[in-house]
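Colleague: Need the 3D shape of this:
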Amino acid sequence: MRRKPMIELVSHNWGFLLLFAGIGIIFLPMKMYLRIYREPNRIILNSCLTFWCIPIEFNLINPVTKFVWYLSRNSPWKKSSPPDLQASKVNWGRLFKRTVLLKNLFFKLWDRVYSLFRRISGRIMLRELNLYTEIGLYDAAQTAVSTGIIWTMLGYFYGYLATNFNTSKIQKNIVVRPNYQKEGILLIDYSCIFEFRLGHIIIIMYQVLRNAVEIYTIVRRITK
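Modeller: Next up, the predicted model:
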């Protein structure tokens, strides 16, 4: 019987190894932690994406201020936003124009990936959800009404999450605390943890990359 060449056997072995490695990568577990909290003078956004055992952290202070500053500047990325942004320093015309472009880009992408997202979102597990809100307005009636409104909004928000994600093993803590002793305060501390597979990210990124030319065109228009 004629034996197969050693090079051919080695190449077949490497092919199988690469195939199994690719399949294994798709099923690698990932965890995403998101937290947004508001202090009296600033809003802080923390996020941590854990790939297997490797954490990748990202922190952003006052994201709304940075968003307004960057979109209203002639050269958005050349200067950092000031710590205390005044309305007189904002180019509102340029800001609204670029915001509309971003909105159009978001909805175009969302329309194209939404059906795919709905198919895979049920396999994404929401493990933890913590929503803490403390509010105190200038009289007890306003504080009580605002507390009820916030409870309603958070109820709708949790209903949306429960509809789109797997919440069978969720640990949740939702608190809305009225503060009748202090006036004019709003403290927010929201956080959540998602668990999913790397393959879910690969599928969504593939759909986004299919529209890379259109994304690049709109981004160029925004940064001009």
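Colleague: drop to CA atoms for contacts and neighbour counts, all remaining ones
Modeller: Noted.
Colleague: Pull out the buried residues from the lengthiest helix in the chain.
Modeller: In the chain, ranked by residue count with DSSP state H as the criterion, the top helix is helix 92-121. Residues of helix 92-121 classed as buried by neighbour count (16 or more other C-alpha atoms under 10 Å): Leu95, Arg98, Thr99, Leu102, Val113, Ile120, Ser121.
Colleague: ok, so of the residues you listed, who is nearest Glu183?
Modeller: Leu95 (32.6 Å; C-alpha to C-alpha).
Colleague: gap between that closest one and Lys31?
Modeller: Distance of Leu95 to Lys31, given as C-alpha to C-alpha, to the nearest Å: 34 Å.
Colleague: Likewise for Leu198?
Modeller: Leu198 sits at a distance of 10 Å from Lys31 (criterion: C-alpha to C-alpha).
Colleague: cool, Leu109 as well?
Modeller: Going from Leu109 to Lys31 by C-alpha to C-alpha gives 24 Å.
Colleague: For the chain, which segments count as strands?
Modeller: In the chain, strands defined by DSSP state E lie at 29-39, 42-51, 54-61, 125-136, 171-178, 185-197, listed in chain order.
Colleague: The fifth one packs against which elements?
Modeller: Helices and strands touching strand 171-178, as assessed by 3 or more C-alpha pairs under 8 Å, 6 or more residues apart in numbering; DSSP states H and E, comprise strand 125-136, helix 140-164.
Colleague: Need the mean per-residue confidence for it.
Modeller: Regarding strand 171-178, the rounded mean pLDDT is 91.
Colleague: What lies in contact with it?
Modeller: Residues outside strand 171-178 that contact it (C-alpha atoms under 8 Å, 6 or more residues apart in numbering): 127-136, 143-144, 147, 150-151.
Colleague: Going through those, which ones are buried?
Modeller: Among the contacts of strand 171-178, the ones that count as buried by 16+ other C-alpha under 10 Å are 127-136, 143-144, 147, 151.
Colleague: farthest-separated two in the buried residues of helix 92-121?
Modeller: Greatest spatial distance among the buried residues of helix 92-121 (C-alpha to C-alpha): Leu95 and Ile120, at 34.8 Å.
Colleague: Redo the strands of the chain as JSON lines? Include distance to Tyr160.
Modeller: Compiled in JSON lines, the strands of the chain are given as follows (distance: least, C-alpha to C-alpha, whole Å):
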{"stretch": "strand 29-39", "distance to Tyr160": "17"}
{"stretch": "strand 42-51", "distance to Tyr160": "21"}
{"stretch": "strand 54-61", "distance to Tyr160": "25"}
{"stretch": "strand 125-136", "distance to Tyr160": "12"}
{"stretch": "strand 171-178", "distance to Tyr160": "14"}
{"stretch": "strand 185-197", "distance to Tyr160": "14"}
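Colleague: which one of the ones you listed is the most hemmed in?
Modeller: Comparing the strands of the chain by mean neighbour count (mean count of other C-alpha atoms under 10 Å), strand 125-136 ranks first with a mean of 20.
Colleague: residue contacts, Leu126?
Modeller: By C-alpha under 8 Å, 6+ apart, the contact list for Leu126 reads Phe165, Asn166, Thr167, Lys169, Ile170, Cys192, Ile193, Phe194, Glu195.
Colleague: so where's the chain uncertain?
Modeller: In the predicted model, the chain carries pLDDT under 70 at residues 1-28, 40, 52, 63-64, 69-92, 112-113, 115-116, 199-201, 203-224.
Colleague: ok, Leu129 touching Ile170?
Modeller: Yes: applying C-alpha atoms under 8 Å, one finds Leu129 in contact with Ile170, separated by 7.3 Å.
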